[in-house]
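# Sequence plus predicted model, see below.
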Amino acid sequence: MLNSLKNKLLKILEYLLVGLVALMTIDVIWQVASRYLLGSPSNFTDELAGFLLIWVGLFGAAYATGKDVHVSLDILPASLGRRKRFYLHIVAQMMVALFALSVMVIGGIHLVYLTFLLEQKSASLQIPLGYVYASIPICGLFIIYFSVHSAITYKMEVS
Amino acid sequence: MQYTEVLILVISFVVLLGIRVPVAYSIGIASTLTILVSIPSLPALATLAQRMATALDSFALLAIPFFILAGQLMNRGGIATRLIDLAKVIVGPLPGGLAFVNIISCMLFGAISGSAVAAASAIGGFMTGKMEKEGYSRPFSAAINITSSTIGLIIPPSNVLIVYSLASGGVSISALFLAGYIPGMMVGLSLMIVAGSWSYFKKYPVGEKSSLKNALIKTWRAFPSLLLLVIVMGGIVAGIFTATEASAIAVVYTAILSMMVYKEVKWRDIPEIFVDTAKTTAIVMLLIGTSMGMSWVMSYENIPQEVSNVLLGISDDRIVVLIIINLILLGVGIFMDMTPAILIFTPIFLPLVKQLGLDPVHFGIIMVLNLCIGLCTPPVGSVLFVGVGVAKTTVQKVIKPLLPLFIAMLVALVLIIYLPELSLWLPRQFGF
């Protein structure tokens, strides 16, 4: 059951990422085309592209956490034994979850709250910046789920 | 500088890496712990979150996903074999011909795809088998493949040079790209000298000469892939478009090439290509986000200034300081991936070397080349592991043939440090 929920979340992220990358590609190609072919550079594409990159970066980071493809070092001595490895894996995953909770969810929500409070809007699209930053706590939640899931299922694999 | 904070930063980072927390998260967690000791508050966490996100909000960084996407589109086609065929025409008839073919193909593939890991797996997977058939040992082929795959990171277009431009606070990407050509080729040449002499002593076979007709066909088949480099770099150098615009043009060009001309990529492959692009991009972006967070924490703790004082206390001679910096970077490169190393150490070292009269463009090339060596060493050498994997050999066996190649890279590095003109001459010809 745990795995099917994880796979569903990964699938959702996949669809989202395909959409975001497609939009980002069209956006920048449109920017180049409008500048060179139409002679009038479009003024919102630049800003939108930056926001899209933030979203691709964050949602992609959550996806990569779920797929366990972030670069890590394998320098634990082989003599360590299964039991110690198992505990260290749980500690490592909990550290990732704590980071996502403290900086991305708690810090991120505070950031979103501040930008709404100060009514900060983007320069040319006039989107409230809070919407752009809202991706931080959302991705934080994904990352917490994936790392907790990894800690729990690792135990199942060993025993 | 508070020594407690520095100790927390360094020790927590090392411990986290040790227990297999991914590098990007280790950087983020170590920064969070450090800043919480100084300012234990909610705004500190919010500032870190904001640094992570705004680090990505940069038009220059957009070139990275697009060069990755263009590389993905190219990789699915038979570009690797086409480049190998071309390299065979050029250097095949030399002694140790296939070793040269391996080096040249890796350089071309690395430059086009922008990824050393992609070059190592695409070219290595194909070349090791071929080289073994002609009597080359597998570890030797793997060692050549691994070291020459990193050259594509110096020869433009290069994503790590874009990252350096970001970290240095806006050194011209075009100038950095131009500066990479000669040093990149020098590293290639120094690897070829070692590979050539090794092949000569081991009496590895000389490759066959190809007929003129055959040579022309092979060149024609590789031409469209190479044209990409000409379009992208030509446009940037001539000042027609920025690196980001060039990367978008590269996507359009490779899409037309692989979908309509070579017909190797179908519409239904596109979603998968986009997901792979997003994944590869995000791995880099999370590193950039958390590294920029750490960089902020370090400047908050006044660490760059202190490091600078310590180094200048040892000596104010440019070469001595550069030697120390390079030794530190070599050590860093062994334990850290290239992107975070550039983002974290550029703000520390660049102001110092600028003060000593070094050109920021020159320093960028030194830094990237230095860290390339780290990509080929355990325990964090991503290129090393991929290269060893595709060649089906082991790290222990590869070390022996790797050593002379490392020395060649170090000699090239020393020359590039001592002779700034090697990096700066070409950009100057174009007015940078």
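Yes, it's here.
# In contact with the nearest residue to residue B:232 once chain neighbours are set aside: list those residues for me.
Nearest non-adjacent residue to residue B:232, counting by CB to CB, 6 or more residues apart in numbering or on different chains: residue B:246, 4.6 Å away. Yep, even glycine has a C-beta here, placed from its N, CA and C like the rest. Counting by CB atoms under 8 Å, 6 or more residues apart in numbering or on different chains, residue B:246 touches B:63, B:157, B:231-233, B:235-236.
# Now for the residues you listed: which two are most distant?
Across these, no pair lies farther apart than B:63 and B:231, at 14.4 Å, counting by CB to CB.
# Between the two, point out the one with more neighbours.
With neighbours defined as other CB atoms under 10 Å in any protein chain shown, residue B:63 and residue B:231 compare such that residue B:63 has more, 28 against 14.
# Quick one: find the helix or strand in chain A with the lowest mean pLDDT.
Scoring the helices and strands of chain A by mean pLDDT, DSSP states H and E places helix A:135-158 at the bottom, with a mean of 84.
# Residue A:38 belongs to a strand?
No: counting by DSSP: H, G, I helix; E, B strand; the rest coil, one finds residue A:38 to be coil, located in no strand.
# how much space between it and chain B?
According to CB to the nearest CB, to the nearest Å, residue A:38 and chain B sit 14 Å apart.
# With residue A:80 instead?
Residue A:80 is 10 Å from chain B, where distance means CB to the nearest CB.
# and if you look at residue A:140?
For residue A:140, the distance to chain B - CB to the nearest CB - is 9 Å.
# what secondary structure does the closest residue to that residue other than its chain neighbours sit in?
With sequence-adjacent residues excluded and distances taken as CB to CB, 6+ apart, residue A:140 is closest to residue A:104, at 2.9 Å. When classified by three-state DSSP, residue A:104 comes out as helix.
# Could I get the contacting residues of residue A:104?
Residue A:104 makes contacts with A:136-137, A:139-140, A:143, B:49, B:52, as judged by CB under 8 Å, 6+ apart.
# Please report how far it lies from residue A:69.
19 Å (CB to CB, to the nearest Å).
# and residue A:36, how many neighbours?
By other CB under 10 Å, neighbour count at residue A:36 equals 13.
# buried ones in the helix or strand encompassing residue B:251?
Following DSSP states H and E, one finds residue B:251 within helix B:243-256. Residues B:243-251, B:253-255 are the ones in helix B:243-256 that count as buried (16 or more other CB atoms under 10 Å in any protein chain shown).
# likewise stretch B:45-60?
Within stretch B:45-60, the residues that count as buried by 16+ other CB under 10 Å are B:45-59.
# circling back: ok and the helix or strand following the helix holding residue B:251 relative to helix A:135-158, angle-wise?
Using DSSP H and E, the next helix or strand after helix B:243-256 towards the C-terminus is helix B:270-300. Orientation of helix B:270-300 against helix A:135-158 (axes from the mean of the first three to the mean of the last three CA atoms, to 10 degrees) gives an angle of 110 degrees.
# what is the mean pLDDT for the helix or strand that comes right after helix B:270-300?
Beyond helix B:270-300 on the C-terminal side, the first helix or strand identified by DSSP H and E is helix B:303-314. Per-residue pLDDT over helix B:303-314 has a mean of 83.
# just checking, what packs against helix B:303-314?
If contacts are counted by 3 or more CB pairs under 8 Å, 6 or more residues apart in numbering or on different chains; DSSP states H and E, helix B:303-314 sits against helix B:318-335, helix B:338-355.
# Quick check: which helices or strands does the last one pack against?
Spelled out, that is helix B:338-355. helix B:23-38, helix B:159-167, helix B:270-300, helix B:303-314, helix B:318-335, helix B:360-375.
# ok, of those helices, where does mean pLDDT dip lowest?
It's helix B:303-314: among the helices and strands packed on helix B:338-355, that one has the lowest mean pLDDT, namely a mean of 83.
# Can I get it in CSV, CA atoms only?
C-alpha atoms of helix B:303-314 as CSV (Å, rounded to 0.1, in the frame of the first residue of the first chain):
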residue,chain,number,x,y,z
ILE,B,303,34.5,33.1,6.8
PRO,B,304,35.8,34.3,3.3
GLN,B,305,37.5,37.3,4.9
GLU,B,306,39.2,35.1,7.6
VAL,B,307,40.4,32.5,5.1
SER,B,308,41.8,35.3,3.0
ASN,B,309,43.6,36.8,6.0
VAL,B,310,45.1,33.4,6.9
LEU,B,311,46.3,32.8,3.4
LEU,B,312,47.8,36.3,3.0
GLY,B,313,49.4,35.8,6.4
ILE,B,314,51.3,32.8,4.9
